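Sequence and predicted structure below; questions after.
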Amino acid sequence: MIFEKGGKMYHWKGKHIIIASSRLLLMPLEESDAEEVLGWINNPDIVKNFQFFTGTVCLSDEMDYIKKMRNSPSDLLLGIIVDGEELIGMCGIHEIDFHNHTARLGVIIGRKDHWNQGYAKEAIIDLLSWAFCVMHLNKVYLNVFTTNERGIKLYTEVGFQVEAPRLREEYRINGEYVDMMRMAVLRKEWNNGKAS
């Protein structure tokens, strides 16, 4: 957990964090979840809007990644669980900067049969509320492909604002350079998922 003293953030670790909402539980991923996650991140249709998933991942690599995230002092990776047991996606805050109180948000709904049901929005709201109210972060940002219109609409709906409208040819995906947009929300702007 985090505690603040004199405006500085000190120790934390998210191994036992559980964030609950009306429909979801956000809980740390276990290595036993790696096989389920592998099916998502190796599916180009599911990860086409994510810069970090650009090649085939094997089971041992995914297990190592989950373990690394569980032990990372600057990352919190959580599974998105519905009905108390069904893992449908993952979300996290990454690259946590304890000096500047910033972090990067990531979210993915890996189960296509759970798309368009508001789960990503609910997970983002839950995670941001926790990040601002418990971790006392000042700013959470994300990077999104400029072609990801649905993602941009969702992030805008929950309160993110455009900071950099076009980072030209920021990533190379499948041999092509793609433009990114950076969006962010500040703690003082946070309105529990309602755009100001």
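Arrived safely, thanks for sending. Residues are numbered from 1 along each chain as shown.

Tell me who's in contact with V82.
R23, L24, I88, H114, Y119 (Cβ atoms under 8 Å, 6 or more residues apart in numbering). In this view, the C-beta of every residue, glycine as well, is placed from N, C-alpha and C.

tell me which element N143 falls in.
For N143, the host element (DSSP states H and E) is strand 139-145.

returning to that earlier point: which one of the contacts of V82 is nearest W130?
Nearest to W130 among the contacts of V82 is L24, at 12.1 Å by Cβ to Cβ.

what pairs with the closest one across the strands?
Here L24 shows beta-bridge partners V82, assigned using DSSP bridges.

Quick one, grab the pLDDT at it.
Confidence at L24, expressed as pLDDT, is 94.

Equivalent analysis for G39, please.
On pLDDT, G39 comes in at 85.

Identify the residues contacting it.
Counting by Cβ under 8 Å, 6+ apart, G39 touches G110.

and the gap between it and N174?
Noted for G39: a distance of 20 Å to N174, by Cβ to Cβ, to the nearest Å.

go on, L87?
For L87 relative to N174 (Cβ to Cβ), the value is 27 Å.

neighbour count winner among these two?
The neighbour count for L87 versus N174, taken as other Cβ atoms under 10 Å, is higher for L87 (19 against 9).

does that one count as helix, strand or coil?
strand (DSSP: H, G, I helix; E, B strand; the rest coil).

I figured it was touching I81, is that so?
Yes. Counting by Cβ atoms under 8 Å, L87 touches I81, with 5.6 Å between them.

sorry, back to before: out of the contacts of V82, who's nearest D126?
So of the contacts of V82, ranked by how close each gets to D126 (Cβ to Cβ), first place is L24, at 6.5 Å.

Could you give the number of residues near that closest one?
24.

Check what pLDDT E85 gets.
E85 carries a pLDDT value of 84.

gap between it and E157?
Note on E85: its distance to E157, by Cβ to Cβ, is 28 Å.

between those two, which one's more packed in?
Per other Cβ under 10 Å, whichever of E85 and E157 has more neighbours is E157, with 14 against 7.
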